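In: what follows is a predicted protein model with its sequence.
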Amino acid sequence: MSEEEKVEVLVVASKVKNYIKTNSDLSTSAEVYNVLSQKVRELCDQAIENAKNAKRKTVMAKDF
């Protein structure tokens, strides 16, 4: 198992798959969920930093 596969998936795979299928009639590779989860992690990490810089203990929509 690669390092990428050991990291927890943060997205609901069935929802992503359904969204892609409904909006494009395309299938979704299993690799998508790990990559998408990493993008979510990056966004969350930046939002966390923004909240900390604003001296808040709550991440808010504006932090994204």
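Out: Yes, it's here.
In: show me what the helix or strand harbouring Asn34 is packed up against.
Out: For Asn34, the element it lies in under DSSP states H and E is helix 31-53. Under the contact criterion of 3 or more C-beta pairs under 8 Å, 6 or more residues apart in numbering; DSSP states H and E, helix 31-53 touches helix 3-6, helix 13-24. Glycine gets a C-beta too; all of them are placed from N, C-alpha and C.
In: secondary structure class for the residue of the chain positioned farthest from its centre?
Out: What lies farthest from the middle of the chain is Lys55; by C-alpha atoms, centre = their mean that is 24.4 Å. Classification of Lys55 using DSSP: H, G, I helix; E, B strand; the rest coil returns coil.
In: offset the numbering so it begins at 48, please.
Out: In the new count, where the first residue is 48, that last one comes out as Lys102.
In: that older thread, angle of the helix holding Asn81 against helix 60-71?
Out: Relative orientation of helix 78-100 versus helix 60-71 (axes from the mean of the first three to the mean of the last three C-alpha atoms, to 10 degrees): 110 degrees.
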